[in-house]
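Novice: output the structure for:
(one chain, ligands or ions: 1)
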Amino acid sequence: MLTLFGFALIASAIALGSGSDAPDNHMDFGPSNPFYAPSSLPFHAPPFDKIKDGDYQPAIEAGMRQQRAEMQAIAGDPAPPTFENTIVAMEKTGELFNRAMAAFDGVTGANLNPELQKVKEVEAPKLAAHQDAIFLDSRLFRRVATIYQQRDSLKLDAESLRLVEFYYKKFVHSGANLSDSEKAELKKLNEEESTLSNAFTTKVLAATKEAVYVVAEKGPLAGLSDAQISAAALAAKERKLNGYVVPLQNTTQQPDLVALSDRSTRQALFESSWNRAERGGPNDTRDTIARLAEIRSHKAKLLGYPNYAAWKMEDQMAKTPETALKFMDALVPGATAKAATEARDIQAVIDAQPSGFPLQPWDWNYYAERVRKEKYDLDEAQIKPYFELNNVLQNGVFYAASQLYGLTFKERSDIPVYHRDVRVFEVFDAGGGPLALFYCDYFKRDNKNGGAWMSNFVDQSRLLGNLPVVYNVANFSPPAPGQPALLTFRDVTTMFHEFGHALHGMLANTQYPSLSGTAVARDFVEFPSQFNEHWASDPAVFSHYARHYETGATMPAELAAKIKAAQTFNQGYALTELLAAAQLDLQWHLLPADAPMQKPDTFETQALQKTHLALESVPPRYRSSYFSHIWGGSYGAGYYAYLWSEMLDDDAFQWFEDHGGLTRANGDRLRRMVLSRGNTEDLAKMYAAWLGAEPSVEPMLKYRGLAPSGGAK
Ligand SMILES: [Zn+2]
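Specialist: I've put the predicted structure just below:
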């Protein structure tokens, strides 16, 4: 027994040596560092007015040392393991680490600079090693396993029982059952994976910045509005270039392709996007992703799974890749058939021109917009004046939350922020008590990651006495100086989406931080956000916020009806590009461990053919080489989750429609049974208990306009 114990200690000591303690030699960290003590600001908000770029690294390193020491104390506790002295004690570790990392993640995602970038690169493998040092520690695992085996006799409440299962499964999932030599191999793979994943993110950001469309004259930009042309001139000036620059968004299709009338400009902009990370040179990501896929397949083998997807999906609502594949396969025929119909409509418009040509991906959005105008007489320029950003936020996004959950919002100018674009609101609960802080950072910047997201600066936890501090980030086009920020309806939907995540974080009411708010499976986490999107077009909410920014007039009913009708427009394309991206992700992560290293371009072509998604004019929403979700983020083998969650949210919204829509009673029921509960129960059970049934795919097909004709009500 003693020998065994002694051996485990040495193994842990080795793990410590490979982590953060070795190279940094205790860089300066003391009371002058703003992370040293818990923030004294309201809600323990990060003191961005005091934090300097140089403060993050020493705080993160000290935080890792501190958490490691706390975990060692738990592992070495001579008392027999109990729920309190092991599981609850682990929940209380890492306070410094968590507050430094939360601020660091927020700032590096939304406001990166070269110094922080360097820190990110240096810390990435150390953070992976830090995780491993905890979850591959055999003494800790033995204590957790003992409690797990005794769990039924411990008389724990349901949330505590769930926490025991959570920790046990997390240890096993991380490789705690492996031999010491296998653990060593796994740690090496994890560190390399995190380094490469970080390198991928850096390259894609640089590639996206570099691959912009540049033009000296205004001529090729014909079709863009004066405001868009001014923005392009400003973008050029910011880069110290002459002429005009169209920056890239992170998806394959680019927003300006809707308006650009010069076909060669469209092709050039599209190709800039499509080839951004495949141009040779330092920002080409193909070697990086080929190796990442290989590492992941090796990890799967080591952990005893047929492929990475099987390992990764074990703790998801879908549970196996087969379930996800089956779900997607069922959507492919309807989606691609609808896309083919849409392509025929577009081709007809092209053929009616004096000189026709076969439809290409760079033509799709331009002509789809023409078809849309023809069918629905809908013009973005006509709509945007009704979607001024601040009005949408206050009278749309916040309004829906007040009607459903009784929340109120008050802007605060005294909370420090990391960039002047960021705004902060205090959120009050129905009774008037404090609930959360909400930050929003909506405009595109070159040093911001693409897309939109939500996260926490502080996680809600009754155990730690913390109320949530939550933020939303997006990449809406900034207005020209002195002009109002007018949004597309898609931007409006994005605001509602990210705020749905924010609600999941802000309404969290759990004891333990590990089970709080959005800390749920990836194929469940998009359910509250996508559910919240529905309110953007709900008549009761829409009529409240869709008002002209100059006159205050509500949107004419006729125009509003057109927007509603147009929502099912182009859904064949939209669903097909999503399915193609989700299948690319799954196919990469279904590679067996002994598969040779892949050539990304060939692999991609074959994967799309195999899954019947190789449509010439409908490219995947992300190409493998700039698919940040799966290589740079945590969505490897998880991109299907957006579609899976869509099944859940459409099903949920159908329930609301059947039960009176936008009411406090409906909102409070969802809050009580789902939104406040984080990961405190098996998610499939939680969902079924709320809905009173298993989720069904029918409402999804209905809202996408893909239901078999006559079948939908
Ligand atoms: Zn989301």
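
Novice: tell me which stretches of the protein form strands.
Specialist: 213-215, 244-246, 408-412, 423-428, 434-443, 453-458, 469-476 (DSSP state E).

Novice: now for the ones you listed, which one comes closest to the ion?
Specialist: If you check each of the strands of the chain against the ion by Cβ to the ion, strand 453-458 wins as the nearest, at 7.0 Å. For the C-beta atoms, the positions are set from N, CA and C on the backbone; glycine is no exception.

Novice: picking up where we left off before, any chance of the strands of the chain in JSON lines, plus mean pLDDT and mean neighbour count?
Specialist: What follows is the strands of the chain, written out as JSON lines (pLDDT from 0 to 100; neighbours: other Cβ atoms under 10 Å):
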{"stretch": "strand 213-215", "mean pLDDT": "95", "mean neighbour count": "19"}
{"stretch": "strand 244-246", "mean pLDDT": "96", "mean neighbour count": "24"}
{"stretch": "strand 408-412", "mean pLDDT": "98", "mean neighbour count": "14"}
{"stretch": "strand 423-428", "mean pLDDT": "98", "mean neighbour count": "19"}
{"stretch": "strand 434-443", "mean pLDDT": "98", "mean neighbour count": "22"}
{"stretch": "strand 453-458", "mean pLDDT": "97", "mean neighbour count": "22"}
{"stretch": "strand 469-476", "mean pLDDT": "97", "mean neighbour count": "24"}
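
Novice: quick one: which of these is nearest Phe270?
Specialist: Set against Phe270 and scored by Cβ to Cβ, these come closest in strand 213-215, at 9.3 Å.

Novice: please list all residues in contact with Arg99.
Specialist: For Arg99, the contacting residues are 35, 38-39, 44, 46, 63, 458, by Cβ atoms under 8 Å, 6 or more residues apart in numbering.

Novice: tell me the pLDDT of it.
Specialist: pLDDT recorded at Arg99 is 97.

Novice: quick revisit: any idea which of the strands of the chain gets closest to Arg296?
Specialist: Of all those, strand 453-458 sits nearest to Arg296, with 22.7 Å by Cβ to Cβ.

Novice: that closest one and the ion in contact?
Specialist: No. Remark: strand 453-458 sits outside contact range of the ion, by Cβ under 5 Å from the ion, the gap being at least 7.0 Å.

Novice: show me what that strand is packed up against.
Specialist: With contacts defined as 3 or more Cβ pairs under 8 Å, 6 or more residues apart in numbering; DSSP states H and E, the secondary structure elements packing on strand 453-458 are helix 95-110, strand 469-476, helix 489-506.

Novice: just the C-alphas of it, formatted as CSV.
Specialist: Once non-C-alpha atoms are left out, strand 453-458 reads as follows in CSV (Å, rounded to 0.1, in the frame of the first residue of the first chain):
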residue,chain,number,x,y,z
TRP,A,453,-19.9,34.0,-29.3
MET,A,454,-20.7,34.2,-25.6
SER,A,455,-18.7,33.4,-22.6
ASN,A,456,-18.4,34.2,-18.9
PHE,A,457,-15.9,36.3,-17.0
VAL,A,458,-17.4,34.9,-13.8
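
Novice: check contacts around Asp649.
Specialist: The contact partners of Asp649, taken as Cβ under 8 Å, 6+ apart, are 526-528, 530-531, 533-534.

Novice: relative to Leu407, how far out is it?
Specialist: Distance of Asp649 to Leu407, computed by Cβ to Cβ, to the nearest Å: 20 Å.

Novice: about what we covered before: okay, the helices and strands packed on strand 453-458 in a markdown table with distance to Met555 next?
Specialist: A markdown table is the format used below for the helices and strands packed on strand 453-458 (distance: least, Cβ to Cβ, whole Å):
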| stretch | distance to Met555 |
| --- | --- |
| helix 95-110 | 31 |
| strand 469-476 | 19 |
| helix 489-506 | 11 |
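
Novice: which among those is found nearest to Leu292?
Specialist: Smallest distance to Leu292 across these (Cβ to Cβ): 20.0 Å, for helix 95-110.

Novice: now the closest one against strand 469-476, angle please.
Specialist: Per axes from the mean of the first three to the mean of the last three Cα atoms, to 10 degrees, the angle that helix 95-110 makes with strand 469-476 is 10 degrees.

Novice: residues of helix 95-110 that come out buried?
Specialist: 96-104, 106-110 (16 or more other Cβ atoms under 10 Å).

Novice: can you list the helices and strands packed on strand 453-458 in CSV and add distance to the ion?
Specialist: Written out in CSV, the entries for those read as follows (distance: least, Cβ to the ion, whole Å):
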stretch, distance to the ion
helix 95-110, 14
strand 469-476, 10
helix 489-506, 6
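
Novice: low-confidence regions, the protein specifically.
Specialist: Counting by pLDDT under 70, the chain contains low-confidence residues at 1-27, 708-713.

Novice: what is the burial count for the residue lying closest to Asp446 once chain neighbours are set aside?
Specialist: Across the structure, with Cβ to Cβ, 6 or more residues apart in numbering as the measure, the residue nearest Asp446 apart from its sequence neighbours is Lys209 (5.6 Å). Lys209 sits with 15 neighbouring residues when counted by other Cβ atoms under 10 Å.

Novice: for Lys209, which residues are in contact?
Specialist: Counting by Cβ under 8 Å, 6+ apart, Lys209 has contacts 247-248, 446.

Novice: pick the one among those closest to the ion.
Specialist: So of the contacts of Lys209, ranked by how close each gets to the ion (Cβ to the ion), first place is Leu248, at 20.8 Å.

Novice: so which bits of the stretch 51-200 of the chain are right by the ion?
Specialist: Residues of the stretch 51-200 of the chain lying near the ion (Cβ under 5 Å from the ion): none found.

Novice: separation between Ala290 and Leu303?
Specialist: Relative to Leu303, Ala290 is positioned 21 Å away (Cβ to Cβ).

Novice: distance of the closest residue to the ion within the chain relative to Leu292?
Specialist: Residue nearest to the ion within the chain (Cβ to the ion): Ser529, separated by 4.2 Å. Distance of Ser529 to Leu292, given as Cβ to Cβ: 27 Å.

Novice: enumerate the residues of the stretch 401-550 of the chain near the ion.
Specialist: Proximity of the stretch 401-550 of the chain to the ion, by Cβ under 5 Å from the ion, involves residues 526, 529.

Novice: if you set the cut-off to 8 Å instead, what comes out?
Specialist: The stretch 401-550 of the chain has residues 452-454, 497-498, 500-501, 525-526, 529-530 near the ion, with proximity defined as Cβ under 8 Å from the ion.

Novice: ok, the nearest residue to Gln66 once chain neighbours are set aside to Asn85 distance?
Specialist: Of all residues not flanking Gln66 in the chain, Leu96 sits nearest, at 5.3 Å (Cβ to Cβ, 6+ apart). In this structure, Leu96 and Asn85 are 21 Å apart, going by Cβ to Cβ.

Novice: centre-most residue in the chain?
Specialist: With distances taken as Cα atoms, centre = their mean, the chain has Trp453 as the residue nearest its mean C-alpha position (5.2 Å).

Novice: show me what contacts the spatially closest residue to it that is not a sequence neighbour?
Specialist: With Cβ to Cβ, 6+ apart as the criterion, Trp453 has its nearest non-adjacent residue at 5.5 Å, and that residue is Val473. By Cβ under 8 Å, 6+ apart, the contact set of Val473 is 109-110, 440-442, 448-449, 452-454, 498.

Novice: same check on Leu608?
Specialist: Residues near Leu608 by Cβ under 8 Å, 6+ apart: 580, 583-584, 614, 620.

Novice: ok, now which ones touch Ser181?
Specialist: Contact partners of Ser181, counting by Cβ under 8 Å, 6+ apart, are absent.
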